[in-house]
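# Give me a 3D structure for the following:
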Amino acid sequence: MNVIIESNFPFSVASIGYSASGELRISLNSDDAGTGRRFCYEAQLDCRAAEERSMVGLLEYARRYMERSTVKESTKGTYKLMCNYLEAYGDCLLERVNTEYLEGFVAYLHSRGLGQGTVRLHFQKLTCVLHDAYRNGLFDDRVLQRVKRPKKVQTKKCFLTEAELKRMMRHPLPEEYGNIMSMFLFSCLTGLRFGDVLGLRWKDVKRNGKHLQLEFHQQKTDTHERLPLCADAEALLHGMERKGEHVFDKVTNPYVNATLRKWCKEAKIKKPVTFHIARHTFCVLLLTKEVPIFTVQQLMCHSDIGTTQVYADLMNSTMAKAVKKLPRLEQ
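From the prediction side, this is the model:
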């Protein structure tokens, strides 16, 4: 029997075998280092037709997807970490990825002591890889529909009250910490994320009539935003010395958070304050002043009103707890 294999890429024969039932199986390895493709050809001895199936590994595909992705470097770092966990868990051919394999990967991540939010994040990255494989005809997307996915964790959002903010201002940071105090307060008054505050330039501060507004590029959503400033935010900017192109000093997030912990300790505030708490504080302050939730959504630059609603629910819960503290009049 003669077996003729035609292919549009260079290959070497990895193995040839057949069973007593007449099933022939030929495995080919691609010699094209650029693609790293592997294919398996299966045919019956009495049939001319052959089925071509991709033999690409999930880990190999995930790493190629990460390399050609245009996401931020920090996001690529998350993909790299996911690939490391995938390698430790055990690779699998794309065509053999099933519900059991994916749910096993989730269980493995939990066994490594990762929190629910982190497990969910890694599974989301893996899902992006599999969706891309589906678009290239290498994966059955229906498998994902049957997977029991990690649930989203509703973490309790911490924020500072107006009284706590005033208490912190009565205990200013020493000059050795630069303008970290101004950075944090500015975020409390504008809702800007750490990256957006750090990237803010003086030319992003525009005058709109008698008042100032920010016209900046929001990193997370990759959108151009306009944000009016309140009087206290304007006063912070007016009181700052222009040292260069950027409004605030270049500092790392861990250093800022460590400084905030010291500041809170000095002000006798026992909440686990990080820089991102400033954004929560801005939202809650607006809701406390009875600003309509749709206006709050716009000021927070939320694309989904549901994200803003979480803060409204938080306010309702906080007010309910406050009411329960009232004394009972009946003895």
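# residue boundaries of the helices in the stretch 101-250 of the chain?
116-135, 142-145, 162-169, 180-190, 194-198, 231-238 (DSSP state H, counting those that start in this stretch).
# Between those helices, which one is closest to Thr259.
Of all these, helix 180-190 sits nearest to Thr259, with 5.2 Å by CB to CB. For glycine as for every other residue, the C-beta is placed from the backbone atoms N, C-alpha and C.
# one step back: give me whichever of the helices of the stretch 101-250 of the chain is most buried.
Of all the helices of the stretch 101-250 of the chain, helix 180-190 has the most neighbours on average by mean count of other CB atoms under 10 Å, namely a mean of 22.
# Need the residues that contact that helix.
When contacts are defined by CB atoms under 8 Å, 6 or more residues apart in numbering, helix 180-190 is touched by residues 160, 165, 169, 172-173, 192-194, 197-198, 214, 227, 229-230, 232-233, 236-237, 239-240, 248-249, 251, 256, 259-260, 263, 275, 278-279, 281-282, 285.
# Now do the same contact list for Ala88.
By CB under 8 Å, 6+ apart, the contact list for Ala88 reads Tyr108.
# repeat that with 7 Å
Listed by CB atoms under 7 Å, 6 or more residues apart in numbering, the contact set of Ala88 is empty.
# May I ask which helix or strand encompasses it?
helix 73-89 (DSSP states H and E).
# For that helix, give the mean pLDDT please.
Mean pLDDT, computed over helix 73-89, is 90.
# Between helix 116-135 and it, find me the angle.
90 degrees (axes from the mean of the first three to the mean of the last three CA atoms, to 10 degrees).
# Just the buried positions in helix 73-89, please.
Within helix 73-89, the residues that qualify as buried are 78-79, 82-83, 85-86, 89, counting by 16 or more other CB atoms under 10 Å.
# Kindly report the same for stretch 94-114.
Neighbour-count burial for stretch 94-114, counted by 16+ other CB under 10 Å, picks out 94-95, 97, 102-103, 105-106, 108-109, 114.
# just how off-centre is stretch 96-105 within its chain?
23 Å (CA atoms, centre = their mean, to the nearest Å).
# Can you list the neighbours in contact with that stretch?
Contact with stretch 96-105 is made by 58, 86, 89, 92, 139, 143, 146-148, as judged by CB under 7 Å, 6+ apart.
# just to revisit the earlier point, right, and the pair among the buried residues of helix 73-89 with maximum separation?
The most widely separated members of those, counting by CB to CB, are Thr78 and Tyr89 (16.3 Å).
# how about the strands of the stretch 201-331 of the chain, start to end?
Along the stretch 201-331 of the chain, the segments classed as strands by DSSP state E, counting those that start in this stretch run 205-208, 211-218, 223-228.
# out of those strands, deepest packed?
In terms of average neighbour count - mean count of other CB under 10 Å - the standout among these is strand 211-218, at a mean of 16.
# what pLDDT, on average, does that strand get?
86.
# The protein - how does it break down into domains?
11-54, 58-145, 162-321 (automatic domain parsing).
# List the contacts of Met82.
Contacts for Met82 (CB under 7 Å, 6+ apart) come out as 122, 125-126.
# now, among the residues you listed, which is nearest to Thr223?
Nearest to Thr223 among the contacts of Met82 is Lys125, at 22.5 Å by CB to CB.
# Surely the closest one is in contact with Leu81?
No. Taking CB atoms under 7 Å as the definition, Lys125 is not a contact partner of Leu81, at 8.7 Å.
# quick one on the thing from earlier: save the domains of the chain as a markdown table, and put in distance to Lys152 too.
Listed next are those as a markdown table, based on distance: least, CB to CB, whole Å:
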| stretch | distance to Lys152 |
| --- | --- |
| domain 11-54 | 33 |
| domain 58-145 | 6 |
| domain 162-321 | 11 |
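# Compare these and say which comes out lowest on pLDDT.
Minimum mean pLDDT among the domains of the chain: domain 11-54, a mean of 55.
# Am I right that Arg63 is in a helix?
Yes. With DSSP: H, G, I helix; E, B strand; the rest coil as the criterion, Arg63 is assigned to a helix.
# In space, what's closest to it - neighbours in sequence excluded?
Closest residue in space to Arg63, ignoring its immediate chain neighbours: Cys83 at 5.6 Å, by CB to CB, 6 or more residues apart in numbering.
# contacting residues around that neighbour?
Applying CB under 7 Å, 6+ apart to Cys83 gives the contacts 59, 62-63, 66.
# cutoff 10 Å now
58-60, 62-63, 65-66, 91, 122, 125-126, 129 (CB atoms under 10 Å, 6 or more residues apart in numbering).
# returning to what we had before: most widely separated two among the buried residues of stretch 94-114?
Taking CB to CB, the two most distant members of those are Glu95 and Leu114; they sit 27.9 Å apart.
# who are the neighbours in contact with the nearest residue to Ala62 once chain neighbours are set aside?
Counting by CB to CB, 6+ apart, Ala62 lies nearest to Val129, which is 4.6 Å off, once chain neighbours are set aside. By CB under 10 Å, 6+ apart, the residues touching Val129 are 58-59, 61-66, 69, 79, 82-83, 86, 94, 139.
# Since that was my last question, I'll sign off now.
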